[in-house]
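Participant: I would like to see how this sequence folds:
(chains A and B)
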Amino acid sequence: KAGVTQTPRYLIKTRGQQVTLSCSPISGHRSVSWYQQTPGQGLQFLFEYFSETQRNKGNFPGRFSGRQFSNSRSEMNVSTLELGDSALYLCASSLTGQGVEWNSPLHFGNGTRLTVT
Amino acid sequence: TQLLEQSPQFLSIQEGENLTVYCNSSSVFSSLQWYRQEPGEGPVLLVTVVTGGEVKKLKRLTFQFGDARKDSSLHITAAQPGDTGLYLCAGYPGTYKYIFGTGTRLKVLA
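Facilitator: This next block holds a predicted model:
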């Protein structure tokens, strides 16, 4: 069974640009969550989607947005990039959705490393 | 704001030593999970604990959920170099997101 796939693995962008990251969940998983990981802040929750609906959103500015498609694949977009957006962006899928049943753990991809210069 | 504080932040020990990592919060969680993350990879689930006071063992790793479901600990017996990594606890408050702890970076020296 294929795991969670994130593309691309690495990205280098300049300030002011925008970027789109992609995530393909494990087959059959309908929930996709996005997290930002930085050395100083750890893993911070961005948003969660289930059946194309955003069910929760973290405390990030509106420059961060996402969507989920009917096949459960998800994308996140960051517009007007800032230096502070440099981070590892992790996508995680789960069978139902974020512990609605406690035995639905998060399965993470290997992330997209975004560097903003 | 719900926070999960982990301690210690960094730990460097010799192979064969025992260690305990703590995950504390002032909030109650429906469940708590522990993950391990290695460089260049995403976190991988180790265990989920649900019931207050629950103890789970995974080979040399022992996980405990506090009676009040606000804290947890991870104990590793006879650590091995393969245990090296970033250990993360994550609590589920019931709102379609997990709150992740600050992380404990463990290095086991051969």
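
Participant: measure A:Arg63 to A:Met76 for me?
Facilitator: 11 Å (CB to CB, to the nearest Å). All C-beta spots, glycine's among them, are computed from the backbone N, C-alpha and C.

Participant: wait, doesn't B:Val44 sit right on B:Trp34?
Facilitator: No: between B:Val44 and B:Trp34 there is no contact under CB atoms under 8 Å: 10.1 Å.

Participant: neighbour count winner among A:Arg63 and A:Met76?
Facilitator: A:Met76 (22 against 13; other CB atoms under 10 Å in any protein chain shown).

Participant: Residue in chain B with the shortest distance to chain A?
Facilitator: Residue nearest to chain A within chain B: B:Gly42 (3.0 Å; CB to the nearest CB).

Participant: Can you tell me the closest non-neighbouring residue to B:Gln14?
Facilitator: Excluding the flanking residues, the one nearest B:Gln14 by CB to CB, 6 or more residues apart in numbering or on different chains is B:Leu109, at 5.4 Å.

Participant: quick one: pLDDT of the one you found?
Facilitator: On the pLDDT scale, B:Leu109 is placed at 96.

Participant: and if you look at B:Val50?
Facilitator: 88.

Participant: ok, now how distant is A:Ser65 from A:Phe47?
Facilitator: 8 Å.

Participant: residues shared between the contacts of those two?
Facilitator: A:Met76 (CB atoms under 8 Å, 6 or more residues apart in numbering or on different chains).

Participant: tell me which parts of chain B are close to chain A?
Facilitator: B:30-31, B:33, B:35, B:40-45, B:48, B:50, B:88, B:90, B:92, B:94-103 (CB under 8 Å from any CB of the partner chain).

Participant: what do you get if the cut-off is 7 Å, keeping everything else the same?
Facilitator: B:30-31, B:33, B:40-43, B:45, B:48, B:50, B:88, B:92, B:95-98, B:100, B:102-103 (CB under 7 Å from any CB of the partner chain).

Participant: Give the ChimeraX command for selecting the buried subset of those residues.
Facilitator: Applying 16 or more other CB atoms under 10 Å in any protein chain shown to the residues of chain B next to chain A, the buried members can be selected in ChimeraX as follows:
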select /B:31,33,42,43,48,50,88,92,96,97,98,100,102,103
